[in-house]
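Novice: next come a sequence and a model predicted from it.
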Amino acid sequence: MIRLLVKTLIPESLEGPRTMEAVWKNPVNFSALDRTGQRVRLRLDSTAVRVEHLGEPDKSEFVSVTYTNGGRLFRVKAKTVVMAGGGWMTKHVVRDLDGTRRKSYEQFNYSPYMTANVAVRNWRFLYNLGISSAEWFEGFGRYVNVRKSATFGVDSPTIGPDLPTVLTFFVDFAKPGLPARTQGQLGRAELLSTSFADYERQIRQQMTDMFAATGFDAKRDIAGIVLNRFGHAFINPQPGFFFGLDGQPAARDALRNGPFGRIAFSHSDLAGAMDHRNAFLESKRAVSQLLDRVLT
């Protein structure tokens, strides 16, 4: 999906026609992403670290954006800015953020999550059980399945339990009984402090406990493990998050009702559910607000 989006915005970014098969298989032309004169430019290997108005937010005509690239700091001026990153970092990056919006961000609670992709040389051990996914209540993670990724122009028409695949483990860090914010903080500490070796050991042990009886052998069958750690994977909407509480407006309203000077906010956690669909919807709202209220 991201490749198709980039191909649409910058046609020369990927070789070949604008088809799902072509954008999936063809290489990226990185030199086409950031050319002078293009209406859309993507600057890779860059992280925005400071965003602020040049002057008072309500009177400023520009926003200053400072970013890092190659170990150096750069600064650009923009007429408007959409902050599409998560709220946990936006509240720090926007340096002149007003007190009302800053207070709103303090009411956002986030949970960590991890997906562990385990490449196996076959999944016969699942097939022998008559399943392609499993869920459990003790041990490492909670759920695993044989990933069914979208394919276009499949090279091999043959699929089956004796061919390699990737098993995806979904791991939460819930701490039942504790406040939502405390659960998130403790979970993030556990997620980030646990070594890869420890996670590898837990995965191998969990798979052995569940599947050894149907032929699984960790040493023989596991080809590789990739961990994806997300410190702020999900927002936890508390009572009042969507419609307010005790006569007070919802915290997110201060960020969604309009721009802060020339800066609008569009990250998906503002919707109360973090996924790509909400990211698109929130971004459409933010851009529309800037067009209607700032750039008119």
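Specialist: Right, received. Where do you want to start?

Novice: how close does the spatially closest residue to P161 that is not a sequence neighbour get to F216?
Specialist: Take P161 and drop its neighbours on the chain: the residue closest to it by C-beta to C-beta, 6 or more residues apart in numbering is Y127, 3.5 Å away. Glycine gets a C-beta too; all of them are placed from N, C-alpha and C. Noted for Y127: a distance of 11 Å to F216, by C-beta to C-beta, to the nearest Å.

Novice: and if you look at R41?
Specialist: For R41 relative to F216 (C-beta to C-beta), the value is 49 Å.

Novice: those two - which one has more neighbours?
Specialist: Higher neighbour count among R41 and F216: F216, with 22 against 13, using other C-beta atoms under 10 Å.

Novice: ok, now how distant is the nearest residue to the more buried one once chain neighbours are set aside from T100?
Specialist: Residue nearest to F216 in three dimensions, not counting chain neighbours: F125, with 3.9 Å by C-beta to C-beta, 6+ apart. Separation of F125 from T100 (C-beta to C-beta): 56 Å.

Novice: which one of the two has more residues nearby?
Specialist: F125 (19 against 11).

Novice: count of residues packed around A273?
Specialist: With other C-beta under 10 Å as criterion, A273 counts 11.

Novice: quick check: the gap between V51 and F260.
Specialist: 10 Å.

Novice: look through this structure and tell me its longest helix.
Specialist: helix 276-293 (DSSP state H).

Novice: and the contacts of that helix?
Specialist: For helix 276-293, contacts defined as C-beta atoms under 8 Å, 6 or more residues apart in numbering pick out 1, 80, 82, 84, 256, 258-259, 262, 264-268, 270-271.

Novice: what do you get for stretch 203-221?
Specialist: Contacts for stretch 203-221 (C-beta under 8 Å, 6+ apart): 116, 118, 120-122, 124-126, 128-129, 134, 136, 139-141, 169, 222, 225.

Novice: what's the first-to-last distance across that stretch?
Specialist: Stretch 203-221 has an end-to-end distance of 13 Å (C-alpha to C-alpha, to the nearest Å).

Novice: then stretch 211-227?
Specialist: Its first and final residues considered, stretch 211-227 spans 21 Å by C-alpha to C-alpha.

Novice: okay, now the domains of this structure?
Specialist: If you go by the TED database, the domain ranges for the chain are 1-108+237-295, 109-235.

Novice: reformat those as TSV; add mean pLDDT.
Specialist: Output for the domains of the chain, formatted as TSV (pLDDT from 0 to 100):
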stretch	mean pLDDT
domain 1-108+237-295	95
domain 109-235	92
